[in-house]
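Student: Got a predicted structure plus its sequence, pasted below:
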Amino acid sequence: MNSPPSKRVAIVGAGIVSPLGFGLTETLHSLRDARDCVTPVTAFDVEKTRCKTAAQIDDSRLLPRKNLTRREQRLHRASHMVIAALDELLQQARAFKPEIAIVGTTSGGMTFGESFYRSLGHGGECAAAWIANYPPQKQITDALEKFRIEAPAQVIANACASGSNAIGHAFNAIRSGRYQRILAGGYDAISEMVFVGFDSLQASTPEKCRPFDANRSGMVLGEGAALLALEDFDSARARGAQIIGEVVGYGISTDNHHLTQPNPDGSGPRRAMEQALATAKITPDQVGYINAHGTATAFNDSAEGKAITEIFGSAVAGVAGRGVPVSSTKSMMGHSLGAAGAIEAVVTLLALQHSFLPPNINFKQIDPSIKLNIIANDARDEAFEYALSNSFGFGGTNAAVLLRKASVEHGRLGWVDACAPWGT
Amino acid sequence: MTIASTSWITPLGSDRESVWQRLLDGETAPIETLSNEQTRARYLVRRVPPQATAHLPPHPRLRRAGAISRFVAAAGLAALKDSPFDPERTALVFAISNGGVIYTRRFYSEIVESGAQSASPLLFPETVFNAPASHLAAILGITGASYTVVGDGAVGILALKLAEDLLAAAEAESCLVVGAEEIDPLVCEAYRQWRLLRDPDRPQSTRGMIVSEGAGAVLLRNSGGDLAIAKIDPGTNFFRRAEVAKKLRRIVEQLDPEVGFCIGSANGTFIDQAEQLAVGGHVPLYSPKSALGDSIGASVLWQVIAAAEGLRTRKLPGETKPLSGPALVLACGLNQQLGGLTLTCSNF
């Protein structure tokens, strides 16, 4: 098999909407402030569920009342999330014309599907907009239409790894020389069916979300959208685009242990992380931060913790140093499923650019079986060049995306200028 | 990118050559009427007979799996039956539209009717889009890349494009692409309310779509074999039905305007006329959906297999003249996606 060319992949724009905030600056402030965005669920009745909280996006900000066309008024709120993220991205990268959009989601406009189902019980015809705007590919095509971008939409539905898989596959596609520019990311909006689903599995918690804590009891759901503008590095530099980071590695593996539970030996996540490091041709000690999948379920955190310590060393003094700093930002913003990998890639990018370690909040006591260097409760200032973002999902999908900080040799630097207060 | 092997699970059978021969003979899959207990509406459907998946091995992953996962397993195993493959160097790409909707409806109906405390933890995992791909990966021992691609009736084109990119980037030595769909009254009702279905009292009409189910699979490699997917155009999105013909025409021009025949996606809706306009009257045009129904997530895979069989036999249902190559596959979905690809056969 001939080796394909190995191009560098620049990030030339990013956009994000999550419970942490609208846009990069708000997100950065929330991460620095260790903001807990988890609140009681208001979108549907949670009287009969065990878990009653989630991290939700404020609709009064998401759904503007003015300047919407009639067509836009009918769109699902997930579409509005993607539109907001793309709007922010295009403000940084106005000349960015993607050849394809590769995005991840798990349920698209699921709440419209729920409304459709409920309407059938009442015998009438439902709103046509529910049917047309429910499918999971519709939210990205709505955003592409809004900004008149002519590009096909490849929608990856690899459960909770979808967003990372989308970014990772986009990285490989540019790296192989087959594409110059790809819009990559993910989105998901909270819905009753998915909320109850995780509750039925007792994967979600009635308490605070405490990833890697000895007393962790499960996840809370979140929602949001995040997009990255990825471009062949030489192309971006030649046209004078501002480069805000690089994707340098990606790993994907499939764990066949169980449909919903990882192999306890951590082999699936380990293979994904090792592959990401191998792609980037760097050693584990060069990685300065890991944004963990860290759902706070007993099984995930145990398997992921084992995999991280096997590759990066243990946090126990005298064994292998302090270990790489690790946090799960899901503790602040919940688990946004198909969007999580994309949102956390943007979080990781912010950490690289602004030289800080995002916190793992609600943390009290390390699980003695997980020997990680957890960034407990407060953000810490620290500069580093490489950071890893992990996402794992139902079906045994494991993804790891490795990012590199933008540096002076990249040419025109972005972001640091845009968010100067954090650097000064 | 070459096609090492193909398989399909259709309402007209599951043997590749015999199903094609039956299509050439003008046979169509039986039409059944499905009733919706909730709305009392009726729908015309084409279903896969139960014996199509009866032979599956007793794998633990299939114990609770729904119909769609069983279709996927049957198609995937059949495609690999005579093709040696290394599971550690084989990627899996799965195309889907509505997904495991039977379990999804059951799961959500329990929530609506009995409350959230009644929701089944056994059903929920099977509602996830990538559950069928996960089961197939477990059965085959695939441990590397596995991607589930979701979209409308054109999703198979995007899945094949993803497979092409995986092989081109040397991420895998071979790639198994599977598309599948299962029938449920909930999905039929959505299409009915969207005014896309065939009138249940007029089964012989050519207007309106008949929903079907099943799976299709192709095993792809970078080289080897006579059949090849020469070029894939993942297309773009259409935002108004009036622009479909123009956008399909652009795909035809970019792929190869001199194709010998076209396997289209006409299903009794606005797509029929748009494809005719895009292809032009001089190119033989056939849609397997006319005989097999519209299996949405599986449909492009069926189209690719039909195109491959057309190249192999040089025949097309309804055509008396021998075919010339290459073959064009055009796909237009009902929800904004369209694309196409060309197939060649070195022995043609």
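Tutor: Here it is on my side, so go on.

Student: Check the offset of stretch A:140-159 from the chain's centre.
Tutor: 17 Å (Cα atoms, centre = their mean, to the nearest Å).

Student: Is the longest strand along chain B in proximity to chain A?
Tutor: Counting by DSSP state E, the longest strand found in chain B is strand B:227-237. Yes. Residues of strand B:227-237 contacting chain A under Cβ under 8 Å from any Cβ of the partner chain: B:P234, B:G235, B:T236, B:N237. Every residue, glycine included, has its C-beta placed from N, CA and C.

Student: Number of residues surrounding the residue nearest to the second one when sequence neighbours are not counted?
Tutor: To tie it back to what came earlier, the one meant is B:G235. Spatial nearest neighbour of B:G235, chain neighbours left out: B:G339 (3.3 Å); criterion: Cβ to Cβ, 6 or more residues apart in numbering or on different chains. For B:G339, the neighbour count with other Cβ atoms under 10 Å in any protein chain shown is 28.

Student: I'd like the distance between B:G339 and B:L255.
Tutor: 10 Å (Cβ to Cβ, to the nearest Å).

Student: which residues do those two both contact?
Tutor: B:D233 (Cβ atoms under 8 Å, 6 or more residues apart in numbering or on different chains).

Student: Could you give the bridge partners of A:M219?
Tutor: A:S204 (DSSP bridges).

Student: A:G245 too?
Tutor: Residues in a beta bridge with A:G245, per DSSP bridges, are A:I11, A:K405.

Student: so who does it touch?
Tutor: Counted by Cβ under 8 Å, 6+ apart, A:G245 has contacts A:A10, A:I11, A:L349, A:L352, A:Q353, A:L403, A:R404, A:K405, A:A406, A:W415.

Student: Would you mind confirming that the fourth one is in contact with A:L403?
Tutor: Yes. Using Cβ atoms under 8 Å, A:L352 and A:L403 qualify as a contacting pair, with a distance of 6.1 Å.

Student: before we move on, back to that, my read is that the residue nearest to B:G235 contacts B:P234, right?
Tutor: Yes. Taking Cβ under 8 Å as the definition, B:G339 is a contact partner of B:P234 at 4.9 Å.

Student: what residues are shared contacts of the two?
Tutor: A:P152, B:I157, B:L158, B:K161.

Student: Go through these and name the one nearest B:G208.
Tutor: B:G208 has its nearest neighbour among these in B:I157, at 23.7 Å by Cβ to Cβ.

Student: and after the longest strand of chain B, which helix or strand comes next?
Tutor: helix B:244-255 (DSSP states H and E).

Student: for that next one, which positions count as buried?
Tutor: By 16 or more other Cβ atoms under 10 Å in any protein chain shown, the buried positions in helix B:244-255 come out as B:V244, B:A245, B:K247, B:L248, B:R249, B:R250, B:I251, B:V252, B:L255.

Student: could I have it exported to PDB, CA atoms only?
Tutor: Output in PDB follows, covering the C-alpha atoms of helix B:244-255 (Å, rounded to 0.1, in the frame of the first residue of the first chain):
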ATOM      1  CA  VAL B 244     -32.900  19.500  -8.100                       C
ATOM      2  CA  ALA B 245     -32.700  18.800 -11.800                       C
ATOM      3  CA  LYS B 246     -30.100  21.500 -12.300                       C
ATOM      4  CA  LYS B 247     -28.000  20.300  -9.500                       C
ATOM      5  CA  LEU B 248     -28.200  16.700 -10.600                       C
ATOM      6  CA  ARG B 249     -27.300  17.800 -14.100                       C
ATOM      7  CA  ARG B 250     -24.200  19.400 -12.700                       C
ATOM      8  CA  ILE B 251     -23.200  16.200 -11.000                       C
ATOM      9  CA  VAL B 252     -23.700  14.200 -14.300                       C
ATOM     10  CA  GLU B 253     -21.400  16.700 -16.100                       C
ATOM     11  CA  GLN B 254     -18.800  16.600 -13.500                       C
ATOM     12  CA  LEU B 255     -18.700  12.800 -13.300                       C
END
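
Student: The next helix or strand after that helix pairs with which strands, and in what direction?
Tutor: Going down the chain from helix B:244-255, the next helix or strand is strand B:261-263, by DSSP H and E. In the sheet, strand B:261-263 lines up against strand B:285-286 (parallel), strand B:327-332 (parallel) (DSSP bridges).

Student: Could you export these to JSON lines, including columns for mean pLDDT and mean neighbour count?
Tutor: Formatted as JSON lines, the strands paired with strand B:261-263 follow (pLDDT from 0 to 100; neighbours: other Cβ atoms under 10 Å in any protein chain shown):
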{"stretch": "strand B:285-286", "mean pLDDT": "98", "mean neighbour count": "22"}
{"stretch": "strand B:327-332", "mean pLDDT": "98", "mean neighbour count": "30"}
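
Student: so which of the ones you listed gets nearest B:G318?
Tutor: strand B:285-286 (6.4 Å).

Student: Can you give the distance of the helix or strand just after the closest one from its chain's centre?
Tutor: Next along the chain after strand B:285-286, taking DSSP H and E as the criterion, comes helix B:289-292. How far helix B:289-292 lies from its chain's middle: 12 Å, per Cα atoms, centre = their mean.

Student: mean confidence for helix B:289-292?
Tutor: Averaged across helix B:289-292, pLDDT comes to 98.

Student: For the stretch 51-200 of chain B, which segments count as strands?
Tutor: B:90-96, B:146-150, B:174-181 (DSSP state E, counting those that start in this stretch).

Student: Just the closest residue of the stretch 201-350 of chain A to chain B, please.
Tutor: Among all residues of the stretch 201-350 of chain A, A:N256 sits closest to chain B, at 4.0 Å; criterion: Cβ to the nearest Cβ.

Student: secondary structure class for that residue?
Tutor: The three-state assignment at A:N256 reads coil, by DSSP: H, G, I helix; E, B strand; the rest coil.

Student: now A:L227, nearest residue through space, not along the chain?
Tutor: That would be A:G185: by Cβ to Cβ, 6+ apart, it lies 3.6 Å from A:L227.

Student: Pull the contacting residues for the one you found.
Tutor: Contacts of A:G185 (Cβ under 8 Å, 6+ apart): A:15, A:85, A:103-104, A:163, A:166-167, A:225-228, A:339, A:342.

Student: Heading C-terminal from the helix or strand where it lies, find the next helix or strand.
Tutor: Using DSSP H and E, A:G185 sits within strand A:181-188. Next in sequence after strand A:181-188, counting helices and strands by DSSP H and E, comes helix A:192-200.

Student: Count the residues that sit near A:A307.
Tutor: Quick note: A:A307 (other Cβ under 10 Å) scores 27 neighbours.

Student: do the same with B:D86
Tutor: For B:D86, using other Cβ under 10 Å, the count is 12.

Student: Distance of it relative to chain A?
Tutor: As judged by Cβ to the nearest Cβ, to the nearest Å, B:D86 and chain A stand 12 Å apart.

Student: B:G26 now?
Tutor: Taken as Cβ to the nearest Cβ, the span from B:G26 to chain A is 34 Å.

Student: Could you measure from that residue over to A:R271?
Tutor: Relative to A:R271, and taking Cβ to Cβ, B:G26 is found at 51 Å.

Student: same thing with A:T205?
Tutor: From A:T205 to A:R271 the distance is 29 Å (Cβ to Cβ).

Student: ok, back up a step: rebuild the strands paired with strand B:261-263 as TSV, extending it with distance to A:M193.
Tutor: Below are those laid out as TSV (distance: least, Cβ to Cβ, whole Å):
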stretch	distance to A:M193
strand B:285-286	39
strand B:327-332	29
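
Student: To B:V259, which of these lies closest?
Tutor: strand B:327-332 (4.0 Å).

Student: who touches the closest one?
Tutor: B:153-154, B:156-157, B:238, B:244, B:248, B:251-252, B:255-256, B:259-265, B:271, B:274-275, B:278-279, B:283, B:299-300, B:303-304, B:307-308, B:310-311, B:338-344.
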